[in-house]
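Undergrad: This is the structure alone, sequence omitted:
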C-alpha cells in the first residue's frame, strides 16, 4: 500500500507515528519534499489536494474544536460574508498549535459558553462540531462590536426570518450568555 491510499482510507490525514507503524515514513518524507503532502501541524500530514476541499477535519487539526462565528454563520446560511479563515472555538484554558494552512482563527471561551449549543454535523464527509442556530445568533449579538453592527443585524434578521428558529431556546442561551436584554430589544425592534 502506498501513502496516498493510506491517507485516503484514514480520513485524509496521517500522523508521523502512523506512517512509521505502517512502514510509510520514507514515503511521507518524500511526499513532503515534493509538495504532494503538506504538514498540517506537528506530527499531522495531509495530501495537498485534500486541503483544497471546502471543509477541513476540524477534529484532526484542533481536537475538541467547534466551528463558531463566521464559520457557523456561513454553515447556517445566516450571512453573506465569506469566512477568510476557519473560526474555531476552544475552551479558554487550552493551548493548541495551529497549522500554517489552512487559516484558522481561535475563539477562547469559558467552559459554559464553549459547551452551550454544540451539535455534530457532516460536511464534505467530515464529522464536525458546530454551534446550533440559536447559539450562533446569540454569538452575533455578543460579538457585535467586534464583527460590526451591520453584520450582526444581518445575521439576526436572517435568524428571525427562518422557519426552523426556536425563540425559547434563543432566550435560554441569551440569558446564559448575558445578552438577554439586547436580544429582547432587537426582537421588539425587528418584529
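TA: Great, that's in hand. Bear in mind the structure is a predicted one, so any value in this text is a computation, not a measurement.
Undergrad: Who are the contact partners of the most centrally placed residue in the chain?
TA: The C-alpha lying nearest the average C-alpha coordinate of the chain belongs to residue 67 (C-alpha atoms, centre = their mean; 2.3 Å). Going by C-beta atoms under 8 Å, 6 or more residues apart in numbering, residue 67 touches 58, 75, 86-89, 128-131. Where C-beta positions appear, they are placed from N, C-alpha and C, glycine not excepted.
Undergrad: Show the pLDDT at the residue nearest to residue 42 when sequence neighbours are not counted.
TA: Here the nearest residue to residue 42 in space, its sequence neighbours aside, is residue 97; by C-beta to C-beta, 6 or more residues apart in numbering that works out to 5.8 Å. Model confidence at residue 97, given as pLDDT, is 86.
Undergrad: So what's the residue count around residue 97?
TA: 10 (other C-beta atoms under 10 Å).
Undergrad: for this protein, what are the low-confidence residue spans?
TA: 11, 49-56, 100-101, 191 (pLDDT under 70).
Undergrad: show me where it has strands.
TA: 13-15, 37-41, 44-47, 66-67, 86-91, 104-109, 118-123, 126-131 (DSSP state E).
Undergrad: Tell me which of the ones you listed sits most buried.
TA: A comparison of those by mean neighbour count, using mean count of other C-beta atoms under 10 Å, puts strand 66-67 on top with a mean of 26.
Undergrad: Distance from it to the middle of the chain?
TA: 3 Å (C-alpha atoms, centre = their mean, to the nearest Å).
Undergrad: For the contacts of residue 67, could you give me a markdown table that also reports distance to residue 180?
TA: What follows is the contacts of residue 67, written out as a markdown table (distance: C-beta to C-beta, whole Å):
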| residue | distance to residue 180 |
| --- | --- |
| 58 | 30 |
| 75 | 25 |
| 86 | 29 |
| 87 | 24 |
| 88 | 26 |
| 89 | 21 |
| 128 | 29 |
| 129 | 25 |
| 130 | 23 |
| 131 | 18 |
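Undergrad: now, which of those residues sits nearest residue 102?
TA: residue 86 (6.1 Å; C-beta to C-beta).
Undergrad: contacting residues for the closest one?
TA: By C-beta under 8 Å, 6+ apart, the residues touching residue 86 are 56, 58, 67, 71, 102-105.
Undergrad: Identify the bridge partners of it.
TA: Beta-bridge partners for residue 86, by DSSP bridges, are residue 104.
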